[in-house]
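Undergrad: Need coordinates for the following:
(2 chains)
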Protein chains: 2
Amino acid sequence: MKPIEECTVGIVGLGLMGGAFAMALRERCCLAQNRLFACDTDGGTLAAAKQAGLIGRGWQGDEAVSEMLGACDLVFLCLNPSTLIRFLEKWEPSFKSGALLTDIAGIKGSVVRTAEKFRKDVDFIPGHPMAGAEKGGFANAGLCKFRGKNYILTTLRRNKPGNLDFLKNLIRRMGFGSISEVSAAEHDRKIAFTSQLCHIIAAALIDCEADTAITRFGGGSFEDLTRIAMLNAPMWAGLFIENRENLLARIEQFEGSLDTLKSLIHSADAAALEKRLDLVRERRTAMSG
Amino acid sequence: MKPIEECTVGIVGLGLMGGAFAMALRERCCLAQNRLFACDTDGGTLAAAKQAGLIGRGWQGDEAVSEMLGACDLVFLCLNPSTLIRFLEKWEPSFKSGALLTDIAGIKGSVVRTAEKFRKDVDFIPGHPMAGAEKGGFANAGLCKFRGKNYILTTLRRNKPGNLDFLKNLIRRMGFGSISEVSAAEHDRKIAFTSQLCHIIAAALIDCEADTAITRFGGGSFEDLTRIAMLNAPMWAGLFIENRENLLARIEQFEGSLDTLKSLIHSADAAALEKRLDLVRERRTAMSG
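TA: Next up is the predicted model:
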């Protein structure tokens, strides 16, 4: 792959994440405006992004999308998982031969299955940037910070080592911290815990209390635990259901731990409860590195 | 009560919260160093606080504590709930006649029962500042920020209106935001949800995952949900057990909501799940004010 400055780059879906990638590519990777394209179903967003000097050209409508994909050396697919699979099925013939593709889907099983059988002359490296914001859409892209965030790549055996190095270098230049390479199965198991279970817990916490004035009695913990309850319902419902086998197993593990703590509280066993909480503090402290 | 600048103020327990109160009184309420006293079982902490120009004098040992309490117009009792009750029983005769007392205990039932039957010539207004930090002790007092935080007072009928106004004014000057006045029973019910349940959930999340490298797969949610799992085990075990009736009820409500979400995921009912998550987002957004 040639240097990023010489690539023509396409963003498919100029929402929160697509917008954040566009900004990072322009600001941190020295990509010229006329080398960055974006397609989206919302013409207003494309016009705003061009007006703001972010992208060189916005592409809307079937013919335009096909033309854009044919021109790009590198494509960031910034779509929800279900939309992504449909997009790939529809546009597979349109990508430029030799292009590097990557995506941002929060669940990787189905994406990797699609990538494995994708056109041989296109290199698709599935990825998951662990960044986001409470509010979605291009208008909030500036709130989505990459600095120091984790990035997961579910690299395929068929991916070219040179392209993988290129992408990892680009990810670091965009500001991300740790990059992990794991199988789709491991990604989906891990994410069920670190991301999906956390969102389910936040949602359940809000679900069980109707009094919105309760926040006058909050000390920060409640706010921190429930900020992610302001979620994009269609996207998260899709993620939860697609990964339900892993997620249900994680919910049950969590319920087991909750039950243990509940029993110790119920029996007022201060010594055993303290000991368990001590172990929890030690483990969480170790996680902080 | 005379103006705060003319009061002699005592801090009982110069730990995280006691230290934070001492700093706020000195920096934001114009209290002179020689008007601020503190007693603690740790002589090193008292010496450090005096050396740093924070307190005028540190008092250690039974005779000294009695002398300090007899000299103070205003006393902040910054002790764990169980220690607090024992302290009040032991030192009730030593407080200065006409003094105003307040505390910081995270559970108010037992404190209010003690305050109700306390010496008639001393005005004890029980309180709960909703502030804290992951690490405890005087050395971390600077990490405990008051600005914009909630403060709860479980005012008694016998409290003098003038003293209540004085204390509320002082709380605002120290930087706190909303001040709520509720009964001890209401406080303990509300806190079981906004604080204790959140800490139990954070602890259970850490309890059910032994792999400390899991944070490489975190996107911020996991870190936000579990920061409070680095808890002071003896203090929190005590709070959980003392408030167990309210807390167990809240855990069960939460489990009910978790079960509902789990069922919708299990049955892959995307429409119903989306609808529930939409309501959650709306409610949480309303909570953000």
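Undergrad: what's the closest non-adjacent residue to the closest residue to chain B within the stretch 1-150 of chain A?
TA: For the stretch 1-150 of chain A, the residue closest to chain B is A:Met130, as judged by Cβ to the nearest Cβ, at 3.3 Å. (Each C-beta comes from the backbone N, C-alpha and C, glycine too.) Of all residues not flanking A:Met130 in the chain, B:Gly219 sits nearest, at 3.3 Å (Cβ to Cβ, 6 or more residues apart in numbering or on different chains).
Undergrad: Does the one you found touch A:Tyr151 like I think?
TA: No: the criterion here is Cβ atoms under 8 Å, and B:Gly219 misses it with A:Tyr151 at 9.9 Å.
Undergrad: residue contacts, the nearest residue to A:Ala105 once chain neighbours are set aside?
TA: Closest residue in space to A:Ala105, ignoring its immediate chain neighbours: A:Pro81 at 4.3 Å, by Cβ to Cβ, 6+ apart. Neighbour list for A:Pro81: A:105-107, A:110-111, A:238-239, A:242 [criterion: Cβ atoms under 8 Å, 6 or more residues apart in numbering or on different chains].
Undergrad: Return the distance of A:Pro81 relative to A:His199.
TA: Distance, A:Pro81 to A:His199, using Cβ to Cβ, to the nearest Å: 15 Å.
Undergrad: cool, and A:Arg250?
TA: Going from A:Arg250 to A:His199 by Cβ to Cβ gives 11 Å.
Undergrad: Between those two, which is the more surrounded one?
TA: Remark: of A:Arg250 and A:His199, A:Arg250 carries more neighbours, 24 against 21, as counted by other Cβ atoms under 10 Å in any protein chain shown.
Undergrad: Number of residues surrounding whichever residue of the stretch 151-289 of chain A sits closest to chain B?
TA: Shortest the stretch 151-289 of chain A-to-chain B distance, computed as Cβ to the nearest Cβ: residue-wise this is A:Gly219, at 3.3 Å. The tally of other residues near A:Gly219 (other Cβ under 10 Å) stands at 22.
Undergrad: is it true that it touches B:Lys149?
TA: Yes: A:Gly219 lies in contact with B:Lys149 (Cβ under 8 Å); the separation is 6.8 Å.
Undergrad: I'd say A:Gly10 and A:Leu69 touch.
TA: Yes: A:Gly10 is within contact range of A:Leu69, at 6.6 Å (criterion: Cβ under 8 Å).
Undergrad: between these two, what contacts are shared?
TA: Joint contacts of A:Gly10 and A:Leu69 (Cβ under 8 Å, 6+ apart) are A:Val75.
Undergrad: Who has more neighbours out of those two?
TA: Each of A:Gly10 and A:Leu69 has its neighbours counted (other Cβ under 10 Å); A:Gly10 has more, 28 against 24.
Undergrad: Please confirm that the more buried one is located within a helix.
TA: No: counting by DSSP: H, G, I helix; E, B strand; the rest coil, A:Gly10 is not found in a helix; it is strand.
Undergrad: Could you check what's spatially nearest to it, not counting adjacent residues?
TA: Using Cβ to Cβ, 6+ apart and skipping residues adjacent in sequence, the residue nearest A:Gly10 is A:Cys72, 3.7 Å away.
Undergrad: That neighbour is in contact with A:Leu100, isn't it?
TA: No: taking contacts as Cβ under 8 Å, A:Cys72 lies outside contact range of A:Leu100: 9.2 Å.
Undergrad: wait, A:Gly98 sits on A:Lys160?
TA: No: the pair A:Gly98 / A:Lys160 is not scored as a contact, 9.9 Å apart, by Cβ under 8 Å.
Undergrad: Find the residues that touch each one of these two.
TA: With Cβ under 8 Å, 6+ apart, A:Gly98 and A:Lys160 have common neighbours A:Asp123.
Undergrad: check contacts around the residue of the stretch 1-150 of chain A closest to chain B.
TA: Applying Cβ under 8 Å, 6+ apart to A:Met130 gives the contacts A:149-152, A:195, B:217-220.
Undergrad: mind redoing it with 7 Å?
TA: When contacts are counted by Cβ atoms under 7 Å, 6 or more residues apart in numbering or on different chains, A:Met130 touches A:149-152, B:218-219.
Undergrad: So which of the residues you listed belong to strands?
TA: Taking DSSP state E as the definition of strands, the contacts of A:Met130 contribute A:151-152.
Undergrad: Can you give me the pLDDT of A:Gly155?
TA: Not quite, residue A:155 is Thr, not Gly. The score at A:Thr155 is 98. That number is its pLDDT.
Undergrad: and A:Gly13, what are its phi and psi?
TA: Per-residue torsions, A:Gly13: phi 90, psi 100 (degrees, to the nearest 10).
Undergrad: Would you agree it is in contact with A:Phe76?
TA: No: A:Gly13 is beyond contact range of A:Phe76, at 8.5 Å (criterion: Cβ atoms under 7 Å).
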